[in-house]
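**Q** need a structure here:
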Amino acid sequence: MLDLKSMAARHDATRDAFLAAAGEAGFTLAFQPHPQAGPTGGVIGTHVASAGPSDAEELVCITSGLHGIEGYLGSELQTRLLREGVLAPLLQDRRVVLVHAVNPFGFAWHRRVNEDNIDLNRNFIDFEKPLPVNEGYEAFKEILNPKVWNDAHVAELEAAAREAGQRLGPFQLFKAVSGGQYAYPGGMQYGGSGPAWSRRTIERIWAEAMQGRARAVHLDLHTGLGRRGEGLLMTYGAESQSRIQRARRMWGDIALSPPADDPSILSTGTMGPHLEGMFPAAEVLSVTLEFGTLPGEKVSRSMAADNWLHQFGDFASAQGMQIKRDILDAFYVDAPDFREMVWTRTRDVVAAI
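**A** Numbers count the residues shown, from 1 in each chain. Alright, predicted model coming up:
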């Protein structure tokens, strides 16, 4: 189980390891403080480590913690990239920027979402236009967002998920439940009503880092989807696009999804396409490296429980502390074989850039 003190200590130790490694590697550090505090009142925020020629035509940017709690593995991987010299060859002719904890609130509070219950990877939409409508979410909103969390509800939730999976199929079920919704601020997969602090912050960091660049590769580190320890590279687009051909030359194996304006898209408001769109004249390739952890039903259950805890529960209770332990386990597998698998994959992906 995890209480607020142990959560804060874990956050601080992970952050400090990254900052020490960045300093030792000769990176320049900058800090964007978050307006809210960590679990025990400490300062939290987004750290940026930069190195390489300031006038380089190409940028390599590696981000972690867009989904806050996923930042524990992302931070560890960023720290190891620094300590083991994997980034050194890139620094000869490219600018390298590491963004640590895009969502510092979620990172510190062991949440996937931010301080406003926003899934930040659903927040990168044009809020001047009508908000997207996820009609499929309506059928699941009550069972995903209960007022009471106990064993009986867990059994009901799991039964409903099995039935819906058989009826809808995995892709339509994912779109309905996880594709993003903009109608229920207290519900899971909420995309927000405007640009969140973390979105505005990463936009500023990205805009500054991209100044004068003709090309860029953006690698966003994630956990919680897929087979245990396997790192799947994902982006959007068609094989005929030059950006996809570029990705194939570097990595070969990369999964493609439809672009954001395609009606078959499974989720709205993701960060990668938005960052690419900020600099349409440059050759920008944004990809996600996603590492599987636990079976999907356990990951989803931990997210639903955590959402209930922050809406209705008690952090100090045994149930609350166990929920925090469960969501950490869902997004960070603290096992030597897992950590070596994800490190080897990350090292090889970055070395191929």
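
**Q** Can you verify my assumption that Met303 contacts His110?
**A** No. Using C-beta atoms under 8 Å, Met303 makes no contact with His110, being 11.6 Å away. Yep, even glycine has a C-beta here, placed from its N, CA and C like the rest.

**Q** Now list whatever residues contact both of the two.
**A** Residues touching both Met303 and His110 (C-beta atoms under 8 Å, 6 or more residues apart in numbering): Ile327.

**Q** buried stuff in the helix or strand where Arg248 lies?
**A** Arg248 is part of helix 242-251, with elements assigned from DSSP states H and E. By neighbour count on 16 or more other C-beta atoms under 10 Å, the buried set for helix 242-251 is 243-244, 247.

**Q** can I assume Gln322 is in contact with Asp3?
**A** No. Counting by C-beta under 8 Å, Gln322 does not reach Asp3; the two are 10.7 Å apart.

**Q** can I get the buried residues of helix 242-251 in a markdown table with pLDDT and distance to Val99?
**A** Formatted as a markdown table, the buried residues of helix 242-251 follow (pLDDT from 0 to 100; distance: C-beta to C-beta, whole Å):
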| residue | pLDDT | distance to Val99 |
| --- | --- | --- |
| Arg243 | 91 | 21 |
| Ile244 | 93 | 24 |
| Ala247 | 95 | 20 |
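
**Q** From those residues, pick the one nearest Ala21.
**A** The closest of the buried residues of helix 242-251 to Ala21 turns out to be Ala247 (C-beta to C-beta; 27.6 Å).

**Q** The closest one and Pro132, how far apart?
**A** With the distance defined as C-beta to C-beta, to the nearest Å, Ala247 ends up 27 Å from Pro132.

**Q** Let me know the next secondary structure element after the helix holding Arg248.
**A** As assigned by DSSP H and E, the chain's next helix or strand after helix 242-251 is strand 255-257.

**Q** That following strand packs against which elements?
**A** Under the contact definition 3 or more C-beta pairs under 8 Å, 6 or more residues apart in numbering; DSSP states H and E, strand 255-257 sits against strand 231-236.

**Q** Quick check: neighbours of the strand it packs on in the sheet, parallel or antiparallel?
**A** Applying DSSP bridges, strand 231-236 is found paired with strand 255-257 (parallel), strand 283-292 (antiparallel).

**Q** biggest strand in the protein by residues?
**A** Counting by DSSP state E, the longest strand found in the chain is strand 215-228.

**Q** mind saving the C-alpha coords of it as PDB?
**A** Output of strand 215-228 as PDB, limited to C-alpha atoms (Å, rounded to 0.1, in the frame of the first residue of the first chain):
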ATOM      1  CA  ARG A 215      13.500  18.300 -39.000                       C
ATOM      2  CA  ALA A 216      12.600  16.700 -35.700                       C
ATOM      3  CA  VAL A 217      11.900  13.400 -34.100                       C
ATOM      4  CA  HIS A 218       9.600  13.300 -31.100                       C
ATOM      5  CA  LEU A 219       9.500  10.100 -29.000                       C
ATOM      6  CA  ASP A 220       6.800  10.000 -26.300                       C
ATOM      7  CA  LEU A 221       7.300   7.200 -23.700                       C
ATOM      8  CA  HIS A 222       4.200   5.400 -22.400                       C
ATOM      9  CA  THR A 223       3.200   2.300 -20.400                       C
ATOM     10  CA  GLY A 224       0.100   0.100 -19.800                       C
ATOM     11  CA  LEU A 225      -0.900  -1.100 -23.300                       C
ATOM     12  CA  GLY A 226       0.200  -4.300 -24.900                       C
ATOM     13  CA  ARG A 227       2.100  -7.400 -23.900                       C
ATOM     14  CA  ARG A 228       4.300  -7.300 -20.900                       C
END
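
**Q** Remind me what that strand packs against, helices and strands.
**A** Counting by 3+ C-beta pairs under 8 Å, 6+ apart, strand 215-228 packs on strand 58-63, helix 71-83, helix 271-278, strand 283-292, helix 296-312, helix 318-331, helix 336-351.
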